[in-house]
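Enquirer: predicted model follows, preceded by the sequence.
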Amino acid sequence: MTKEQLIEQLKGNFERAKKCRITHDQRTKFERLYDCFENIGELETEKTERAMIQSLKKSQNEIKASFQSMLNNSDFCDTLKTLKNYSPIVNNTRKSQEVIISDEKDFDTIIEVIYTTRNNLRHGKKEYTQRSEAILRVTNRIFEKIVFGARSKYLP
């Protein structure tokens, strides 16, 4: 896909994500935010899936910059602390792969939580619990701030 096509796709995905801001359906909200995240990540790294996640962690990019700028926001930091209380975040398909949040301000760890949450929703084989809903609710609050900040480079 060309850069222009990705930006057009981001535009549509971002409009759908904005409509989900007031929804109580946390799964749909996460999926719409993840679609935007994937578009921005691919624009930033020219990679997809796991390679994109690894590249985002290794380089300076809009997603990382958005996360880092939010660390000055006390509400954002409180939400990160709340997410830390749910640690470990277990991969539902690979139980041996869990994300332990030892430093809630560590970008790499939070990106792994988001990716694991995505994998659990798309590929997970366990029932959706109250804990899952709570993790999604907290992750969405963090994810929304990151995505809405990072998209400004591509969508004025």
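Expert: Right, received. Where do you want to start?
Enquirer: for residue 45, give me its contacts.
Expert: Residues near residue 45 by CB atoms under 8 Å, 6 or more residues apart in numbering: 51-52, 55-56, 59, 61. The C-beta positions use only the backbone N, C-alpha and C, and glycine is treated the same way.
Enquirer: what about those, which one has the most neighbours?
Expert: When neighbours are counted by other CB atoms under 10 Å, residue 56 leads the contacts of residue 45 with 24 neighbours.
Enquirer: OK, contacts around residue 19?
Expert: residue 32 are the contacts of residue 19 under CB under 8 Å, 6+ apart.
Enquirer: heads up, I number from 6, so please use that
Expert: Okay, residue one is now 6; in that scheme the one you just asked about reads as residue 24.
Enquirer: so what does the lowest-mean-pLDDT helix or strand in the chain touch, helix or strand wise?
Expert: Ranked by mean pLDDT, DSSP states H and E, the helix or strand of the chain with the weakest confidence is strand 94-95, at a mean of 90. On a contact count with 3 or more CB pairs under 8 Å, 6 or more residues apart in numbering; DSSP states H and E, strand 94-95 meets strand 103-104, helix 112-128.
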